[in-house]
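Participant: Give me coordinates for this.
(one chain, ligands or ions: 3)
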Amino acid sequence: MAAPGRNAVSTSVVLSCLLATLLLAAGSSSAQLSTGFYASSCPELLDAVRSALRPAVARERRVAASILRLFFHDCFVQGCDGSLLLDDASGLKGEKNAAPNKDSARGFDVVDAVKAAVEKACPGVVSCADVLAASAMEGVALLGGPRWKVKMGRRDSTTASFNGAENDIPPPTSGLANLTRLFAAKGLSQKDMVALSGAHTIGLARCTNFRDHIYNDTDIDAGFAGTLQQRCPRATGSGDNNLAPLDLQTPNVFENAYYKNLVAKKSLLHSDQELFNGGAADAQVREYVGSQSAFFADFVEGMVKMGDVTPLTGSNGQIRKNCRRVN
Ligand code: HEM
Ligand SMILES: *[C@@H]1O[C@H](CO)[C@@H](O)[C@H](O)[C@H]1NC(C)=O
Ligand SMILES: *[C@@H]1O[C@H](CO)[C@@H](O)[C@H](O)[C@H]1NC(C)=O
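Facilitator: Numbering: from 1, shown residues only. Ligands and ions are numbered 1, 2, ... in the order given. Sure, this is the predicted structure:
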């Protein structure tokens, strides 16, 4: 009569193995991020983010754009783990001097101010990666864009990847196929890529990033190119850092103007115009021209998916005190 007992034991062993496997599978995805993560440990989080960000954006509207871009560049390198925020240090080669970020990524001082406000409310609780995710959302909302429930629970890396920043973030010379490929490498679809590119309805770019497009490309409105040529000289090395708005009319307002520019062949970047160039993304661009609410809905979906890219969770990583250095 020992047999039933042994069966019961082996059944429970099988069941707990199954459970462990399921938990492991969940742990390797983004299942642990949740909108209520700080509900009891830091209920003041979003108020603190907003009260620190609002005066900074009032001083300079562009900084909301700069912080949105920081979130993108953080998530595309090792996942959304605050690695971009780390300064170079002995034994740590940061991401700030990699090609897509050098002389370009900005707003770190404002992220520091938001983190300081959050630390004051809830010391040692909220990661820099989550501060950045919340700030990106709040910045978009402050410029007139949508607001959404940001998933939280990311932890901060103790490492950075200079090579990841050089290789995984698409350059503005990219064609549609490479844009799609580099987003797919992060688990994002072409649809997500087209919706997330609407971020270029705010912010500025440097001459060095749009020079070839305004002098050499044919898929650009001639008058628009001529106007830009006045502030971006042809010769490499002259005026490289001169700025122009990514959305020529309203670079401080988050709306669907970016897509209207694409249809008018008035995109600042070569990569932007690739989204409306007789290819597979044209229909989606036209959809957003006709419906700002469709754009907002897909942008939010894309931001949530991008925020899910391989976060550190549980007991991995740390909650940095200072976003610029490992504790
Ligand atoms: C689709 C591929 C993308 C490419 C090739 C690209 C490329 C660029 C480039 C070259 C600049 C100008 C940088 C400079 O000249 O200093 C820029 C600016 C910007 N990008 Fe992107 N980007 C892409 C996607 C995204 C995404 C997904 C987001 C956010 C969701 C984003 C947000 C921004 C913002 C807000 C700015 C303006 C930043 C500021 O004014 O400081 N970009 N991007
Ligand atoms: C696409 O990416 C490959 C690999 O990095 C590169 O060799 C090629 O020049 C890129 N093409 C375009 C159009 O961006
Ligand atoms: C444009 O194309 C020509 C010929 O390929 C090249 O020499 C030049 O560097 C390119 N860029 C600009 C800004 O003229």
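
Participant: need the contact list for the residue nearest the centre of the chain.
Facilitator: The centroid of the chain falls nearest to residue 72 when counting by CA atoms, centre = their mean (1.9 Å). Residues counted as contacts of residue 72 (CB atoms under 8 Å, 6 or more residues apart in numbering) are 169, 196, 199, 306. (Glycine included, C-beta is placed from N, CA and C.)

Participant: can you tell if the host helix or strand of it touches ligand 1?
Facilitator: Assigned by DSSP states H and E, residue 72 belongs to helix 62-75. Yes - counting by CB under 6 Å from any ligand atom, ligand 1 has neighbours in helix 62-75: 62, 65, 66, 68, 69, 72.

Participant: right, and out of those residues, which lies closest to residue 182?
Facilitator: The nearest member of the residues of helix 62-75 next to ligand 1 to residue 182, counting by CB to CB, is residue 72 at 11.6 Å.

Participant: And that closest one, how far from ligand 3?
Facilitator: Separation of residue 72 from ligand 3 (CB to the nearest ligand atom, to the nearest Å): 26 Å.

Participant: what's the spacing between the next helix or strand after the helix holding residue 72 and its chain's center?
Facilitator: The first helix or strand that comes after helix 62-75 along the chain, using DSSP H and E, is helix 108-121. The chain centre lies 19 Å from the centre of helix 108-121; the measure is CA atoms, centre = their mean, to the nearest Å.

Participant: now the angle from helix 108-121 to helix 62-75?
Facilitator: On the basis of axes from the mean of the first three to the mean of the last three CA atoms, to 10 degrees, helix 108-121 is oriented at 80 degrees to helix 62-75.

Participant: And helix 108-121, what's buried?
Facilitator: For helix 108-121, a neighbour-count test (16 or more other CB atoms under 10 Å) marks 108, 110, 111, 112, 114, 115, 117, 118, 119, 121 as buried.

Participant: quick one: low-confidence ranges for the stretch 1-150 of the chain?
Facilitator: Along the stretch 1-150 of the chain, segments meeting pLDDT under 70 span 1-31.

Participant: Closest approach to ligand 2 from it, which residue is it?
Facilitator: Nearest to ligand 2, among the residues of the stretch 1-150 of the chain, is residue 99, at 12.8 Å (CB to the nearest ligand atom).

Participant: Verify the stated contact: that residue with residue 164.
Facilitator: No - contact criterion CB atoms under 8 Å: residue 99 and residue 164 do not qualify, at 11.9 Å.

Participant: Are the helix or strand that contains residue 53 and ligand 1 in contact anywhere?
Facilitator: In the assignment (DSSP H and E), residue 53 maps to helix 45-59. No - using CB under 6 Å from any ligand atom, helix 45-59 stays clear of ligand 1, with a minimum separation of 12.4 Å.
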